[in-house]
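Chemist: following is a predicted model, sequence given first.
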Amino acid sequence: MIWRRGERAHVDGDSFEPARLFRPESFFLGRTEGWGVAKGPFGQIVRRCRIHTEGRLDEAYQALHLDELFVWDDGGQEEWRWAMRRGMDGRYAAAEALVGSGIEGRYDGCDYVLSFLRPVQPKGPRFRFVTRFTLLAPDVAMKSVRLSLFGAPIASMVAFHRQID
């Protein structure tokens with residue numbers, strides 16, 4: 001079945017096949033590996049990366065803690081540390097080490113979307129990140145990211161994550 005943009009999913013899955021709704025708390029529980037490309041403002045590939053994630057459930061807070069490591073082809077590395085929790089209304093509250101708390105995740109159709117401000121380097125300018133996760137198969141997801149600064153597009157990234165355990 002093909003999903004059309006603009007259709008809305010109900011969090012309980014009654015509008016769409018539940019297997020197609022991306023749920024970060026289940027997809028990122030355990031380990032994933034991924035591959036991605038970062039593109040400049042005009043679509044040219046500027047970097048490639050491998051991505052490793054490890055997620056664990058904090059039973060006391062009912063929150064997913066996720067460590068995400070990007071290993072870039074130019075030798076650079078970035079570590080992102082996430083915590084997220086699904087609320088009773090189906091929305092997610094998330095936090096990341098350089099962003100802080102207050103990130104709200106939402107659904108657009110079956111996709112899970114996050115939007116937040118984050119510096120690319122500590123003490124640098126805060127870029128707007130809009131990140132969309134799309135479930136392609138039960139164990140594979142696509143992540144697309146758009147970065148902007150003061151509304152101007154700066155970069156984008158497309159990555160695929162595969163569950164490995």
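Modeler: That came in fine, so what should we check first?

Chemist: quick one, what contacts the closest residue to residue 119 other than its chain neighbours?
Modeler: In space, and not counting its chain neighbours, residue 119 is closest to residue 126: 5.3 Å by Cβ to Cβ, 6 or more residues apart in numbering. C-betas here are computed from N, CA, C, even on glycine. Residues in contact with residue 126 (Cβ atoms under 8 Å, 6 or more residues apart in numbering) are 117, 118, 119.

Chemist: who's residue 79 bridged to?
Modeler: The partner list for residue 79 in beta bridges (DSSP bridges) reads residue 69.

Chemist: distance of it relative to residue 145?
Modeler: Distance of residue 79 to residue 145, computed by Cβ to Cβ, to the nearest Å: 16 Å.

Chemist: so which of the two has more stuff around it?
Modeler: Remark: of residue 79 and residue 145, residue 145 carries more neighbours, 18 against 11, as counted by other Cβ atoms under 10 Å.

Chemist: identify the residues contacting the more buried one.
Modeler: Per Cβ under 8 Å, 6+ apart, neighbours of residue 145: 129, 130, 131, 132, 156, 157, 158, 159.

Chemist: the host helix or strand of residue 144 pairs with which strands?
Modeler: According to DSSP states H and E, residue 144 maps onto strand 140-149. Looking at strand 140-149 with DSSP bridges, its partner strands are strand 126-137 (antiparallel), strand 152-163 (antiparallel).

Chemist: pLDDT weak spots in this protein?
Modeler: Across the chain, the ranges flagged by pLDDT under 70 are 1-19.
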